[in-house]
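Asks: Pasting a predicted model and its sequence here:
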Amino acid sequence: MILHLGGNEVVPMKDIIAIMDLKKTEQAPVNIEFLNIAKEEGFVRRISDEPIKSYILVEVDKKTILYLSPISSTTLLKRSRSVTDFSVDKQLNKGDIK
């Protein structure tokens with residue numbers, strides 16, 4: 001299943017390592033250092049020009065990408081749960097899960 005991160009970006013759920021709220025994590029020095037290193041090493045992708053609300057750490061084909069998203073981490077979590085719920089419901093209807 002995939003998760004829509006905002007703009008035209010979608011990623012497979014299996015590739016997501018973490019979804020973090022920017023306001024809650026930007027205070028910690030270790031997180032600021034991580035963001036600076038990510039920018040220096042070139043694996044940051046800004047999804048849109050809208051204000052950043054969350055960042056999503058993803059690994060695709062052994063490459064790390066840090067998406068800066070205008071969508072809140074809460075909304076992304078709700079979306080991921082609805083995708084998971086849909087997937088489980090679909091499997092239940094097929095009889096794959098007992």
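Replies: Received, thanks.
Asks: List the single closest residue to the spatially most central residue of the chain in space, sequence neighbours excluded.
Replies: In the chain, the centroid-proximal residue (Cα atoms, centre = their mean) is residue 56; its distance is 3.4 Å. Excluding its sequence neighbours, the residue lying closest to residue 56 (Cβ to Cβ, 6 or more residues apart in numbering) is residue 67, at 4.4 Å. To be clear about C-beta, it is placed using only N, CA and C from the backbone, and glycine gets the same treatment.
Asks: Look up the residues forming beta bridges with the residue nearest to the centre of the chain.
Replies: residue 19, residue 67 (DSSP bridges).
Asks: mind showing which ranges of the protein have poor pLDDT?
Replies: 82-98 (pLDDT under 70).
Asks: hang on, the earlier thing: got the contact list for the residue nearest to residue 56?
Replies: 5, 9, 11, 45-47, 55-56, 58 (Cβ atoms under 8 Å, 6 or more residues apart in numbering).
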